[in-house]
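**Q** I need the structure of the sequence given here:
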Amino acid sequence: EVQLVESGGGLVQAGGSLRLSCAASGFTFDDYAIGWFRQGPGKEREGVSCFSVRDGSTYYANSVKGRFTISSDNAKNTVYLQMNSLKPEDTAVYYCAALQDSQCMGVMFWGQGTPVTVSS
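**A** Purely as a prediction, here's the structure:
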């Protein structure tokens, strides 16, 4: 059974940092690409950052380039999202996902989400 369990969300002031973690089970990062999505209040869910261990390709949304970094610990089957210089518009529920490709397309499995609130 595939499971994705996110942690690390919370309340932070603008300009601050958070690191999200996603512990994956039931598959390895050789099987699927892995990534992070978010859904802000009144907004559609969007891809934030995704990558593929198989080919090393990585995607970042323009809105987070230079501020967010995706990484993984393959031994722990865990993927991280380091978020720096946070802005109020980054407020959202952040979801981990297992995907068909590294461009944040073709979601196969979702985590339950972890909320991030950035105060101004």
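
**Q** and residue 97, how far from residue 88?
**A** Note on residue 97: its distance to residue 88, by C-beta to C-beta, to the nearest Å, is 24 Å. All C-beta atoms are positioned from the backbone trio N, CA, C, and that covers glycine.

**Q** out of those two, which sits in the busier spot?
**A** Between residue 97 and residue 88, counted using other C-beta atoms under 10 Å, residue 97 has the larger neighbour count: 23 against 12.

**Q** skipping adjacent residues, who's closest to the more buried one in space?
**A** Sequence neighbours aside, residue 107 is the residue nearest to residue 97 in space, at 4.7 Å (criterion: C-beta to C-beta, 6 or more residues apart in numbering).

**Q** the one you found bridge partners, please.
**A** Under DSSP bridges, the beta-bridge partners of residue 107 are residue 99.

**Q** surely it is in contact with residue 101?
**A** No: between residue 107 and residue 101 no contact is recorded; they are 10.3 Å apart, counting by C-beta atoms under 8 Å.

**Q** show me what contacts the residue positioned nearest the centre of the chain?
**A** Centroid-nearest residue in the chain, with C-alpha atoms, centre = their mean: residue 36, separated by 2.3 Å. By C-beta atoms under 8 Å, 6 or more residues apart in numbering, the contact set of residue 36 is 20, 22, 47-50, 70, 79, 81, 94-97.

**Q** lovely, talk soon.
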